[in-house]
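Asker: got a sequence here, can you build the structure:
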Amino acid sequence: MDTKLTDELRATHAGRVAEEILRKCVHCGFCTATCPTYQLLGDELDGPRGRIYLIKQVLEGKPVSEKTRTHLDRCLTCRSCETTCPSGVKYSHLLDVGRMVVEEKLPRRLGDRLTRALLKTVLPNPALFASAVAVGRVMKPLLPAALADKLPPAMPAARPWPAGKAHSRRMLVLAGCVQPSLAPNTNAALARVLDRLDVTLFEEGKAGCCGAVRFHLNAQDDGKADMRRNIDAWWPHVEAGVEAIVVTASGCGVQVRDYGHLLADDPAYAEKAQRISTLCRDPAEILAAETDTLLPLFAACAGERGRLAFHSPCTLQHGLKIRGVIEMLLQAAGYVLTAVPDAHLCCGSAGTYSVLQPELAGRLRDNKLHALQLGEPARIATANIGCLTHLQAGCSLPVRHWIELIDEGLA
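Answerer: Numbering: from 1, shown residues only. As a prediction, the model looks like this:
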């Protein structure tokens, strides 16, 4: 694709990244076949190819309109198009640049600004979010249906972390910002599983939100500040030889894996950020490397554990490129996995998307839950806290993080 970016933008790191990505696009349109919003709306501008044209116009200095912003806002950033693209177009990185420039050139309306400011303030703050959830659950019968829908039922309290001798192998885990309140047992379950593999898992209290919430709400400088804080918090452990930084929410995992790209133009943090990205692991990658030890443990606890549907989050299959690994582990643990049609399509959670685009998010969730329940499972498992709570709010079946089910399989 030929480009004529403005001189001002071409002089920046973001502009150079965008230009390189744009020139890889060959207009083939394969991406539209797997784009969830294009499938729903049938509008070229609500598919990746159309959005790429809109971003190109913006970066070339054309006027920015609300129509442009609407189509960019409707994108889930699910990265399904990146999996489909034969040319290797990094669409999500281009979208980051496009949204940043649109935000600079076209101020949002007051109501939209206030909603986004609230999300940027509450979600990345674990204490504030926990208080909001507690109040929301008490007041749920009085809340508007659209807001009440965002409050899933309380999950079981976290079971204890392993209490025993420290192992020579040590791994960090990101605590996260909303997961401790919404699914408090997730990291504890991973710690118990890794303890059986002679690995000590621990959290670093000085770390916080991975940066995705504020970054993807177009407060990109604030999101990068969250990333730098985490790097500073984790760095002493990196220097001490920690084996990996494990992230149990695949959405956060994609963000941490992207630190090296997002801070590449920061001379003080570029090298450290790349090191953090290299150390970032999803639990599926850790357990897949330990199957020689893990599979005999499953065999010792043999027994069928019922029918289970696994929802593979977009961030897992399209962002982290992990496919089939968790399914194999769950089957080894005794679960009977049911078929899920159109498993590549997004459930509609997508970070804050379900709050900002509730109508589209609801339609996507309905479609996903229909697909997940076709095989009549007893439970649903997933790998991302956002997907978990979004699906649970619309479903009577229990929805759990898959690592909790692995933990149960070893109990």
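Asker: need the residue closest to the centroid of the chain.
Answerer: Gly251 (1.4 Å; Cα atoms, centre = their mean).
Asker: give me the nearest residue to Glu66, chain neighbours excluded.
Answerer: Sequence neighbours aside, Leu106 is the residue nearest to Glu66 in space, at 7.3 Å (criterion: Cβ to Cβ, 6 or more residues apart in numbering). Backbone N, C-alpha and C define where each C-beta goes, glycine included.
Asker: count of residues packed around that neighbour?
Answerer: By other Cβ atoms under 10 Å, 14 other residues sit near Leu106.
Asker: pLDDT weak spots in the stretch 1-150 of the chain?
Answerer: 144-147 (pLDDT under 70).
Asker: show me where it has its helices.
Answerer: Using DSSP state H, counting those that start in this stretch, the helices of the stretch 1-150 of the chain run over residues 7-10, 13-22, 36-41, 48-59, 66-73, 80-84, 91-105, 110-122, 126-139, 145-148.
Asker: of these, give the one that comes closest to Asp232.
Answerer: Among these, the nearest to Asp232 by Cβ to Cβ is helix 126-139 (17.9 Å).
Asker: residues in contact with that closest one?
Answerer: With Cβ atoms under 8 Å, 6 or more residues apart in numbering as the test, helix 126-139 has contacts from 121-123, 143, 147, 151, 154, 175-178, 180-182, 208.
Asker: closest to Thr200 out of the residues you listed?
Answerer: Comparing the contacts of helix 126-139 against Thr200 with Cβ to Cβ places Ala175 closest, at 15.7 Å.
Asker: rewinding a little: now the helices of the stretch 1-150 of the chain in CSV, with distance to Gly319 and mean neighbour count?
Answerer: Putting these into CSV (distance: least, Cβ to Cβ, whole Å; neighbours: other Cβ atoms under 10 Å) gives the following:
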stretch, distance to Gly319, mean neighbour count
helix 7-10, 26, 12
helix 13-22, 16, 18
helix 36-41, 15, 21
helix 48-59, 15, 22
helix 66-73, 19, 16
helix 80-84, 8, 21
helix 91-105, 8, 20
helix 110-122, 21, 13
helix 126-139, 23, 14
helix 145-148, 28, 11
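Asker: ok, which of the ones you listed comes nearest Ala189?
Answerer: Between Ala189 and those, the shortest gap by Cβ to Cβ is with helix 126-139, which sits at 18.7 Å.
Asker: which residues of the stretch 251-400 of the chain score low on pLDDT?
Answerer: Along the stretch 251-400 of the chain, segments meeting pLDDT under 70 span 302-303.
Asker: all strands of it, in order?
Answerer: Counting by DSSP state E, counting those that start in this stretch, one finds strands in the stretch 251-400 of the chain at the ranges 280-281, 307-310, 336-337, 379-382, 399-401.
Asker: who does the fourth one pair up with?
Answerer: Using DSSP bridges, strand 379-382 pairs in its sheet with strand 307-310 (parallel), strand 399-401 (parallel).
Asker: figure out which of the ones you listed is closest to Asp232.
Answerer: Using Cβ to Cβ, the nearest of the strands paired with strand 379-382 to Asp232 is strand 399-401, at 28.0 Å.
Asker: re earlier: kindly reformat the strands of the stretch 251-400 of the chain as TSV containing distance to Tyr353 and mean neighbour count.
Answerer: Output for the strands of the stretch 251-400 of the chain, formatted as TSV (distance: least, Cβ to Cβ, whole Å; neighbours: other Cβ under 10 Å):
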stretch	distance to Tyr353	mean neighbour count
strand 280-281	23	24
strand 307-310	21	21
strand 336-337	27	16
strand 379-382	16	24
strand 399-401	18	24
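Asker: longest helix anywhere in this structure?
Answerer: helix 220-239 (DSSP state H).
Asker: what about that helix, distance to the chain center?
Answerer: In terms of Cα atoms, centre = their mean, to the nearest Å, the centre of helix 220-239 is found 18 Å from the chain centre.
Asker: list the buried residues in it.
Answerer: Within helix 220-239, the residues scored as buried using 16 or more other Cβ atoms under 10 Å are Gln220, Asp222, Gly223, Lys224, Asp226, Met227, Arg228, Asn230, Ile231, Trp234, His237, Val238.
Asker: what helices or strands is that helix leaning on?
Answerer: Contacts defined by 3 or more Cβ pairs under 8 Å, 6 or more residues apart in numbering; DSSP states H and E place helix 220-239 against strand 169-173, helix 212-216, helix 259-262, helix 270-279.
Asker: and the angle for that helix with strand 169-173?
Answerer: Interaxial angle of helix 220-239 relative to strand 169-173 (axes from the mean of the first three to the mean of the last three Cα atoms, to 10 degrees): 170 degrees.
Asker: start at 26 instead
Answerer: I'll keep to 26 as the first residue from here, and by that count the last item is helix 245-264.
Asker: distance of His343 relative to Gly54?
Answerer: 18 Å (Cβ to Cβ, to the nearest Å).
Asker: more crowded one of the two?
Answerer: Using other Cβ under 10 Å, the more surrounded residue of His343 and Gly54 is His343, with 24 against 14.
Asker: list the contacts for that one?
Answerer: Listed by Cβ under 8 Å, 6+ apart, the contact set of His343 reads Cys103, Arg104, Ser105, Glu107, Thr108, His369.
Asker: try 10 Å
Answerer: With contacts defined as Cβ atoms under 10 Å, 6 or more residues apart in numbering, the neighbours of His343 are 59, 102-109, 117, 279, 337, 369, 371.
Asker: let me know the closest of these to Thr407.
Answerer: Checking the contacts of His343 against Thr407 by Cβ to Cβ gives Ser337 as the nearest, at 7.7 Å.
Asker: excluding its backbone neighbours, what's nearest that closest one?
Answerer: Among residues not flanking Ser337 along the chain, Ala368 sits closest, at 5.9 Å (Cβ to Cβ, 6+ apart).
Asker: same check on Ile46?
Answerer: Nearest residue to Ile46 in three dimensions, chain neighbours excluded: Leu119, at 4.4 Å (Cβ to Cβ, 6+ apart).
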